[in-house]
Structures are given as structure tokens and as C-alpha cells.
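Peer 1: Model the following, please.
(one chain, ligands or ions: 2)
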Amino acid sequence: MFLKNHWYIAGFREEITEKPLRRLILGEPVVFFRTKDGRAVAFEDRCIHRQVPLSMGSICEDGTLACLYHGIRYDTDGKVTFIPEQTRIPRGAKVRTYKVVEKGYWLWIFGGAPEDANEADIPAYRWFERPGWTAKRRRLHVNCNYKLIVDNLLNMAHLPYVHPRTIGSEGVVKDAVVKITQSDTGVRLARKMYDIEPPPTYKKAGGFEGNVNRWQTIDWMAPSSFEFHTGVVETGHEPPPPEYDVPKINARILDRHAMHSIAPESEKSSNYYVAFSYDPEEYTEELADFLIKQMIDTFEEDVVLLEAQQDNMDLCNNPDELDIVSDGAGLQAMKMLRAMEAAAAGA
Ligand code: FES
Ligand SMILES: [Fe+2]
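Peer 2: Ligands and ions are numbered 1, 2, ... in the order given. I've put the predicted structure just below:
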């Protein structure tokens, strides 16, 4: 089941144009387009007449969206304004609409009834709103349930095995100092690893020659968004706190601020948005390009595993699983999601 009464990324803002765009969100087809006055709007992608996708239609001169099949037109509130061969518009003839908001680099959609939407609940990506900072961002498509991605991002024990070419090294799982804290809205997994060899991504990007102290602070915001504050610093220096204004450290350091957000598409497929934000005065364009490429290369390794995992789960249809210590944060997240699902089902 999906948690409808939450905000999910629908796409990049620049994807929304006057040309209707279809995307599956929470198992529902949605059509997005930009109105003549520049607003992004979203309707159920299903004509109320004979269910043809409205995304196959086009925007008329008067700003209405016309269905391709028999030409019924919808205004930007989703109300029918024109039906061929008749003058009477049935009362209440309207397509379902969604609340959407453009925030940061993304268009966010609220999966529930528009009147229940509260913009203040859109996951806050503090670093993306930082003046002067910019970001690199991508979308990946994964054929798995969104919860498998949440579980993947909350268990760092897979790094040495899946990502030895980029962010994985043995030091990640050796003597890490781990702290898990839960709040009303999510789980924080904070890990610190002292005096370890830097993994390949950091060696190449930061030019570290000796050992480093490494940190990973992962804030999961239910149901499917994350802020990641990760990096390495020369040994002898404490990893910086994840808070907004970190004092500059007088040492060689690579400090990374990223977001990950998953928009469930169906029970077995997801759109996965990744981005990292940076201060262009600290990162060269070349370094930023290198780091986003490493992020994508890394996650493509996860995609192979996640899709095989989903296939195997479908095939075996056996819920028995052994939990291990590194599952701690993921287990808390899954427990929270189950409670949210139960509350939604009972509402
Ligand atoms: S299906 Fe859309 S107008 Fe007939
Ligand atoms: Fe991974």
C-alpha cells in the first residue's frame, strides 16, 4: 500500500511545460502541464468520458486541456468547459486534481486530497536552499518497491561489498561508532569511522594520501526522503556536525551534502531522485561532475541488486528474513512505515 497523504517528487521543474507529461505516482497515472500563466498543475491522467489518457491531448489557445479522443476540454482547475455536440455541461463534471508545489529544483505532489495538503510538510533540504549554492541532480528508474531503497540507504554494511570501486572500503564496517535516533518524522543514522583508508571516490576527489576519519549522517524523513551529510577529514580532526553552518576546519576535508528521494511509481517500481548541493566557490565544476557521476555509478550497482532482490521476493513469496545488527536504522524505519500504514488504513 502507499502512504497517500505525503509529498513526493513528481519531477524536475523544467520537465513541466505546456506539453502534457504523464507519470505514474503511487500507482496512479498523473498528467502534469504548465498553464499559460506559468503554473504547474496535475490531474488524474484519465479522461472522465472514456478513460483515455489526457496526456495524449494538448493545450488549446484558451488554455484548456483537450482530450485527444472526443475533444472534451478541461480548465486548469480540472473542470469540464466544453463537450462537443452539446451545450449543457453536467454539474460536477471534473477530473481529479492534485496539489503540486514547485520547491527547490523539484515539483512536489501531494498524493492525497488537495485540501489535506500542507506545504510545510514538504521535506526540507536545507543545503539546497543555501544562498549561492548550486546542485547536480539526476533521476533513476528502479524496478523495485520503494521500501527496498529505503532499507538500502539505511544499511551501510553493503558498501564494501557492493561499492568497492567508489564509496566502499573495509573501514566502513570495522569499528564504526553508530548512533541511531528516532524522531516523530524519521530516523537519523549517524556513523563515524576513525583512522581508515579512504575509499576510491574520496581518494580521487580529495587527494587524500593517508588515513582519514569518515562520517555518514543519514536523515530519513518518512516515508521516502533522505538528507545525507557524508565525508572524510584528515585523521586528527573530528567529523563536523551535520548542522547548517559548520565552521571551516583547517584541514583537508571533503564534505558532501546530498538528497535522495524516492517517488513510488507502482508496488514494484520507483523513481529515485538523487542530488548533491555544493558551494561553487569550494567545488570546481569538474569535481562536482566527478562526484555526481560517482553517485550515479554507485547507485547503478544498487539497482542491479535491488531489482534481483525484488524478483526473488516475488518468486519465493516467503516473508521470513534474518535481521542483523546493521539493519538497526532500517528496522526502525520499517516499523514506523507500518505504523503509518495502519493509521492510514484506520483513518
Ligand atoms: S475519452 Fe476523452 S473525450 Fe472521450
Ligand atoms: Fe548502495
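Peer 1: Might one say that Ala190 is in contact with Thr217?
Peer 2: Yes: counting by Cβ atoms under 8 Å, Ala190 touches Thr217, with 4.8 Å between them. For the C-beta atoms, the positions are set from N, CA and C on the backbone; glycine is no exception.
Peer 1: Okay, Arg188 and ligand 1: tell me how far apart.
Peer 2: Using Cβ to the nearest ligand atom, to the nearest Å, Arg188 is found at 48 Å from ligand 1.
Peer 1: Give me the neighbour count for that residue.
Peer 2: As a burial measure, Arg188 scores 18 neighbours (other Cβ atoms under 10 Å).
Peer 1: Look up the residues forming beta bridges with it.
Peer 2: Per DSSP bridges, the residues bridged to Arg188 are Thr181, Asp219.
Peer 1: need the contact list for it.
Peer 2: 179-182, 217-220, 329 (Cβ atoms under 8 Å, 6 or more residues apart in numbering).
Peer 1: Let me have those residues in a markdown table, extended by pLDDT and distance to ligand 1.
Peer 2: Converted to a markdown table, the contacts of Arg188 look like this (pLDDT from 0 to 100; distance: Cβ to the nearest ligand atom, whole Å):
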| residue | pLDDT | distance to ligand 1 |
| --- | --- | --- |
| Lys179 | 96 | 55 |
| Ile180 | 98 | 51 |
| Thr181 | 97 | 51 |
| Gln182 | 96 | 48 |
| Thr217 | 94 | 50 |
| Ile218 | 96 | 45 |
| Asp219 | 95 | 44 |
| Trp220 | 97 | 41 |
| Ala329 | 98 | 47 |
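Peer 1: Tell me where the model's unsure across the stretch 101-250 of the chain.
Peer 2: For the stretch 101-250 of the chain, applying pLDDT under 70 flags the ranges 242-250.
Peer 1: Spell out the residue ranges of the strands in it.
Peer 2: For the stretch 101-250 of the chain, the strands defined by DSSP state E, counting those that start in this stretch occupy 106-110, 134-142, 177-182, 186-196, 212-221, 225-234.
Peer 1: for the ones you listed, which one sits closest to Met295?
Peer 2: Set against Met295 and scored by Cβ to Cβ, these come closest in strand 134-142, at 7.7 Å.
Peer 1: Relative to that closest one, what are the paired strands and their orientations?
Peer 2: The strands beside strand 134-142 in its sheet (DSSP bridges) come out as strand 269-278 (antiparallel).
Peer 1: can you tell me the average pLDDT over the partner strand?
Peer 2: Strand 269-278 carries an average pLDDT of 94.
Peer 1: for stretch 5-13, same thing?
Peer 2: With pLDDT averaged residue by residue, stretch 5-13 scores 98.
Peer 1: same question, stretch 60-77
Peer 2: The average pLDDT within stretch 60-77 is 98.
Peer 1: Give me the distance from it to the chain's centre.
Peer 2: Centroid separation between stretch 60-77 and its chain, computed with Cα atoms, centre = their mean, to the nearest Å, is 31 Å.
Peer 1: Residues contacting that stretch, please?
Peer 2: So stretch 60-77 is contacted by 20, 31, 33, 35-36, 39, 41, 43, 47-50, 52, 54, 56-59, 80-84, 94-95, 97 (Cβ under 8 Å, 6+ apart).
Peer 1: Could you see whether ligand 1 lies near it?
Peer 2: Yes: contact of stretch 60-77 with ligand 1 (Cβ under 6 Å from any ligand atom) involves 67, 69-72.
Peer 1: For Gly57, grab the count of nearby residues.
Peer 2: Neighbourhood size, Gly57 [other Cβ under 10 Å]: 23.
Peer 1: Let's see the pLDDT reported for it.
Peer 2: Looking at Gly57, its pLDDT stands at 98.
Peer 1: Assess the claim that it and Glu18 are in contact.
Peer 2: No: counting by Cβ under 8 Å, Gly57 stays clear of Glu18, with 11.8 Å between them.
Peer 1: From the contacts of stretch 60-77, list the buried ones, please.
Peer 2: Buried members of the contacts of stretch 60-77, scored by 16 or more other Cβ atoms under 10 Å, are 20, 31, 33, 41, 43, 47-48, 52, 54, 57, 59, 80-83, 94-95, 97.
Peer 1: returning to what we had before: pull out the buried members of the residues of stretch 60-77 next to ligand 1.
Peer 2: Taking 16+ other Cβ under 10 Å as the criterion, what is buried in the residues of stretch 60-77 next to ligand 1 is 67, 72.
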